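> My questions concern the predicted model and sequence given below.
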Amino acid sequence: PDRCESSLELYVRAVQVIGALVVHNPPALRQRLRDTHLLETRSQYVLRCLSATEMDEDLFSRVTHLLELDTALESVVTTTPSSSGQVLVLLLGMFAEASEEGEEELQVALTGMVQNLV
């Protein structure tokens, strides 16, 4: 098995595994996943990925990892309305950081993510 290079990558992989469990299982099992609060855990991990500034990851790495979570981000925003504002604020903060660093490609990627969520 592949090793995770960072804690951010570990969170991304955990979110992807939980997403696969939800997508590839029948409704009864999905309900059990909800009952065990696994989907809430996924939402918490997505928010940690968004606020990964304390994980010693550069902006490019953080945005690249977030691009892998576009479906999970949409899910967090649609299923947890209280988190949608937090998601948008964190994405806009990353956009401002990309602007300060002159990273136009990252700005474009973040703009696309925000557009998909609103």
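Nice, I can see it.
> From here on, just use CA atoms for contacts and neighbour counts.
Noted.
> And the strands in the chain?
With DSSP state E as the definition, the chain shows no strands.
> Need the pLDDT of the residue lying farthest from the centre of the chain.
Within the chain, the residue lying farthest from the chain centre (C-alpha atoms, centre = their mean) is Ala28, at 25.5 Å. pLDDT for Ala28: 89.
> For it, list the residues it contacts.
Counting by C-alpha atoms under 8 Å, 6 or more residues apart in numbering, Ala28 touches no other residue.
> mind checking how far it is from Leu91?
34 Å (C-alpha to C-alpha, to the nearest Å).
> And for Gln16?
20 Å.
> Low-confidence ranges, the chain, go.
1-6, 53-55 (pLDDT under 70).
> any idea which residue sits dead centre in this protein?
Taking C-alpha atoms, centre = their mean, the centroid of the chain lies closest to Val46, which sits 3.7 Å from it.
> what sits against it?
For Val46, the contacting residues are 11-12, 15, 69, 72-73, 76, by C-alpha under 8 Å, 6+ apart.
> Turn those into a markdown table, columns for distance to Ala52.
Listed next are those as a markdown table, based on distance: C-alpha to C-alpha, whole Å:
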| residue | distance to Ala52 |
| --- | --- |
| Tyr11 | 10 |
| Val12 | 11 |
| Val15 | 14 |
| Leu69 | 14 |
| Ala72 | 16 |
| Leu73 | 15 |
| Val76 | 17 |
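> Now, those residues that are in helices?
Of the contacts of Val46, the ones assigned to helices by DSSP state H are 11-12, 15, 72-73, 76.
> so what's Leu47 closest to, chain neighbours aside?
Val87 (7.0 Å; C-alpha to C-alpha, 6 or more residues apart in numbering).
> mind listing the helices for this structure?
Taking DSSP H, the helices of the chain run over residues 7-23, 27-35, 38-50, 59-67, 70-79, 81-100, 104-117.
> The residue nearest to Leu47: neighbouring residues, count only.
A total of 21 residues lie near Val87 under the criterion other C-alpha atoms under 10 Å.
> which ones are touching it?
Val87 neighbours (C-alpha under 8 Å, 6+ apart): 47, 50, 73, 77.
> For Thr78, give me its contacts.
Ser84.
> swap the cut-off to 10 Å and go again
If a contact means C-alpha atoms under 10 Å, 6 or more residues apart in numbering, then Thr78 has 72, 84, 117-118 as its contacts.
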